[in-house]
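*Asks:* Give me coordinates for this.
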Amino acid sequence: GATYPTGTQPGLMIFDRNGWLVFFRPQTPKDAQPFNFQVQTYNGQPVLTWFQGTLGPGFGTAGQYFLADAAYRTIRTVQGSNGIPPDLHEFLLTAEGTALHTAYEYLPDQKLYNGHAMEVDVATGALVFDWSCYPAVPVAKTFLPGNADYFHINSIDLWPGSARNLLVSSRNTSAVYLIERASGQILWQAGGKGSSFAMEGPGTRYEYQHDARALPDGSGFSVFDDASPPSPERQAWAKVLQVDTAAGQVRLAQQMPHTTLPLVVDSQGNNQLLADGSRFVGWGADPYFSQYDPTGTMVLDGRFPAGVESYRTFTASWTG
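*Replies:* All right, here's what the predicted structure looks like:
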């Protein structure tokens with residue numbers, strides 16, 4: 001799902017490995033923009049999912065999530081919960097038939113936006129779990145003082161294990177949090193102000209990151225490090241980080257730059273792990289997408305037309 005220059009048509013797009021368009025679904029009305037278009041699994045079957053709605057200052061303010069089958073028919077829609085509209089940043093289906101999604105709630109007394117990590121039952125829409133950043137994360141931890149969106153939640157993932165704890169990324173505190181599902185307490189914070197861990201060695205630091213994903217063995221996580229201003233970093237990276245809770249350290253396992261043209265990405269982006277250990281990276285606000293082999297060598301480099309950006313870009317097997 002992407003945003004487009006004036007006069008062009010927003011929509012959902014699938015293209016093959018040679019860059020040929022194989023599917024395009026125009027979105028109407030044009031102000032209901034699509035985001036986070038990807039292949040997931042629901043009830044044991046592959047589905048396409050995406051957010052479609054209107055935007056506020058950097059997040060969705062009204063819209064819904066869609067699930068479509070292999071015939072491109074909408075089979076489910078998911079709305080917000082507790083009167084809070086769903087947000088574009090995350091919609092992650094789970095094996096339990098639920099979906100994890102982000103949401104933003106304005107708190108007039110505090111004059112700030114409260115970012116929520118919600119879990120809902122896809123079939124019924126019933127709310128299963130809800131965690132909110134305020135007051136769990138102090139406003140003083142933001143790197144953008146005076147911004148009502150002090151936290152800016154932009155991804156949720158399940159941490160491996162039966163406890164089903166949640167890994168949450170906050171752009172504006174430049175930190176990743178592990179949330180204990182049973183209590184809603186923060187188990188640890190990686191990065192940002194007051195990190196639970198020493199960020200050991202070059203490359204462990206990240207700023208204004210997106211798409212924090214738990215490693216399958218629970219040894220750490222990956223991020224897309226935007227390095228957007230005012231970050232001191234000189235380029236964006238896709239990073240893999242190991243968490244040593246016993247030693248209280250985070251170490252860099254791998255980092256992948258855009259090799260042909262170093263990029264500093266203002267917003268968005270993703271870092272997708274593939275089955276063979278490769279990585280597929282969408283460069284968000286910059287119109288590029290790349291694939292890296294397990295050693296971190298770039299093996300594919302593509303781009304969209306000038307002015308087009310895709311919030312996240314994925315590769316997957318799909319037959320429509």
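*Asks:* Okay, residue 54 and residue 313: tell me how far apart.
*Replies:* 22 Å (C-beta to C-beta, to the nearest Å). For every residue, glycine as well, the C-beta is placed using N, CA and C.
*Asks:* now residue 254
*Replies:* Distance, residue 254 to residue 313, by C-beta to C-beta: 19 Å.
*Asks:* More neighbours: which of those two?
*Replies:* Ranked by neighbour count (other C-beta atoms under 10 Å), residue 254 and residue 313 place residue 313 first, with 26 against 18.
*Asks:* from what I can see residue 71 touches residue 47, true?
*Replies:* No - using C-beta atoms under 8 Å as the test, residue 71 is too far from residue 47 to be in contact (11.0 Å).
*Asks:* Out of the two, name the residue with the larger neighbour count.
*Replies:* The residue with more neighbours, out of residue 71 and residue 47, is residue 47; 18 against 7, by other C-beta under 10 Å.
*Asks:* Let me know how buried residue 115 is, in neighbour terms.
*Replies:* Residue 115: 27 neighbours (other C-beta under 10 Å).
*Asks:* So what sits opposite it in the bridge?
*Replies:* residue 104 (DSSP bridges).
*Asks:* Distance check, it against residue 134.
*Replies:* Taking C-beta to C-beta, one finds residue 115 at 8 Å from residue 134.
*Asks:* Give the residues shared as contacts by the two.
*Replies:* Jointly contacting residue 115 and residue 134 under the rule C-beta atoms under 8 Å, 6 or more residues apart in numbering are residue 151.
*Asks:* for this structure, which spans come out with low pLDDT?
*Replies:* 1-7, 29-31 (pLDDT under 70).
*Asks:* could you redo the last one with a cut-off of 80?
*Replies:* Within the chain, the stretches with pLDDT under 80 are 1-9, 28-32.
*Asks:* where do the helices sit along it?
*Replies:* Under the criterion DSSP state H, the chain contains no helices.
*Asks:* Touching, residue 239 and residue 222? I think so.
*Replies:* Yes - counting by C-beta under 8 Å, residue 239 does reach residue 222; the two are 6.4 Å apart.
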